[in-house]
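>>> What follows is a protein structure lacking sequence information:
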């Protein structure tokens, strides 16, 4: 009996983990210092999402807030560049950026206007907060 319960829990965890890590509809750029600099120089609104495969809170925010159709539309809009910083494993440049922006933990979402100034920072956020920050950043173009 215990073997069956253990097997059920293991299979359920694997299925849930796969659902939470599927690629989504956002056209993410993956972080390099060069891509961040390039997009800021081009005058884009930049969204930085610090995440990791092992971070359940990150996966929850991705599957709920960041996969809301309005957020997807805003992230995929012209002059908006969503950049994913995946801290799974030994991502030296990603960890350096996390420390550079004063982040201590993940999840962390930062939205920067074309001037490079932070318009939003949050480790827990709602759809409306993200949309308002994108709008604010776009108005600073």
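Received, thanks. Because the structure is a prediction, the values reported are computed rather than measured.
>>> How much space separates residue 111 from residue 134?
For residue 111, the distance to residue 134 equals 6 Å [C-beta to C-beta, to the nearest Å]. Every C-beta, even on glycine, is put in place using the N, C-alpha and C of the backbone.
>>> which residues are common contacts for the two?
45, 47 (C-beta atoms under 8 Å, 6 or more residues apart in numbering).
>>> Low-confidence stretches in this structure?
Within the chain, the stretches with pLDDT under 70 are 1-23, 141.
>>> Nearest the middle, which residue of it would you pick?
The centroid of the chain falls nearest to residue 49 when counting by C-alpha atoms, centre = their mean (2.7 Å).
>>> which residues does that residue contact?
Residue 49 neighbours (C-beta under 8 Å, 6+ apart): 28, 62, 66, 82, 83, 84, 85, 107, 108, 109.
>>> Mind putting the residues you listed into TSV with distance to residue 39 and neighbour count?
Formatted as TSV, the contacts of residue 49 follow (distance: C-beta to C-beta, whole Å; neighbours: other C-beta atoms under 10 Å):
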residue	distance to residue 39	neighbour count
28	12	18
62	21	20
66	18	25
82	10	23
83	7	21
84	13	16
85	13	25
107	21	23
108	18	22
109	16	24
